[in-house]
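# Can you look at this prediction? I've put the sequence above it.
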Amino acid sequence: MKYWLVKSEPSSFSWDDLWSSPKRTTSWEGVRNYQARNFLREMKRGDRVLFYHSSAEPNAIVGIAEVAREAYPDPTQFEKKHEMYDPKSTRDDPRWSTVDLKAVRAFPRPLTLPELRDAPGLDKMTLLQKGSRLSVSAVTPEEWRVVTGLAGVSDAG
DNA sequence: GCCAACGTTGGC
DNA sequence: GCCAACGTTGGC
């Protein structure tokens, strides 16, 4: 099992939005960055995913989700009227992928960006790198252990 | 609101 | 293939 992190601006889609979705699950549509897309394509059912609120008050990891469905073509790339429509993508060779994410558990409290920056063992974490804008990133098992430890949760699900 | 950092586009 | 210009992200 691998570990990941996804960012979302809560003003567009928050942890609470995920939690209140049918089956606590949503399709993670709209990723339009190749590196992030490649990570989506690597995800396996059951992989664990940290859910991060960006441009938020506070900026923080707020919960754990899991991969409920592995990568499939992002339908929004074919919808002409959709904001994320990509005229260069074809049905034969879809350019963009999405996965389904399911909320597993909320953190007891948000684990804020300053706390993450202060934590020993997270200095290499993609989220914390200067200028990192990647909306989907890989998390190492050690980083996962540190983050869930700080949050005071086990990963029992 | 500012602006550094980044990814993408397009002219050459 | 290079790289300047541009648009976007996202912390502050």
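Thanks, I have it.

# For the lengthiest helix in chain A, the averaged confidence score.
Taking DSSP state H as the criterion, chain A has its longest helix at helix A:141-151. Across helix A:141-151, pLDDT averages out at 96.

# Now do that helix: distance to the chain's middle.
16 Å (C-alpha atoms, centre = their mean, to the nearest Å).

# Which elements pack onto that helix?
Applying 3 or more C-beta pairs under 8 Å, 6 or more residues apart in numbering; DSSP states H and E, one finds that helix A:141-151 contacts strand A:3-8, strand A:48-53, strand A:60-73, strand A:97-112, helix A:113-118. The way it works is simple: take the backbone N, C-alpha and C, and place the C-beta from them, glycine included.

# how far away is the closest residue to DNA strand B within chain A from residue A:8?
Closest to DNA strand B within chain A is residue A:131: 2.1 Å, counting by C-beta to the nearest atom of the strand. As for residue A:131, its distance to residue A:8 is 19 Å (criterion: C-beta to C-beta, to the nearest Å).

# next one: residue A:75
Counting by C-beta to C-beta - residue A:75 and residue A:8 are separated by 19 Å.

# Between those two, point out the one with more neighbours.
residue A:8 (23 against 14; other C-beta atoms under 10 Å).

# Could you look up the SS state of the residue of chain A most remote from its centre?
Computed with C-alpha atoms, centre = their mean, the residue of chain A farthest from its C-alpha average is residue A:92, at 26.7 Å. Recorded secondary structure, residue A:92: coil (DSSP: H, G, I helix; E, B strand; the rest coil).

# Just the pLDDT at it, thanks.
88.

# ok, now residue A:154?
pLDDT at residue A:154 comes out at 74.

# isn't there a helix covering it?
No - Residue A:154: not assigned to a helix; according to three-state DSSP it is coil.

# For it, which non-adjacent residue is spatially closest?
On the basis of C-beta to C-beta, 6 or more residues apart in numbering, the spatially nearest residue to residue A:154 that is not a chain neighbour turns out to be residue A:148, at 6.8 Å.

# Just to check, that neighbour is in contact with residue A:139?
No - contact criterion C-beta atoms under 8 Å: residue A:148 and residue A:139 do not qualify, at 10.2 Å.

# Looking at these two, which is more packed in?
residue A:139 (22 against 19).
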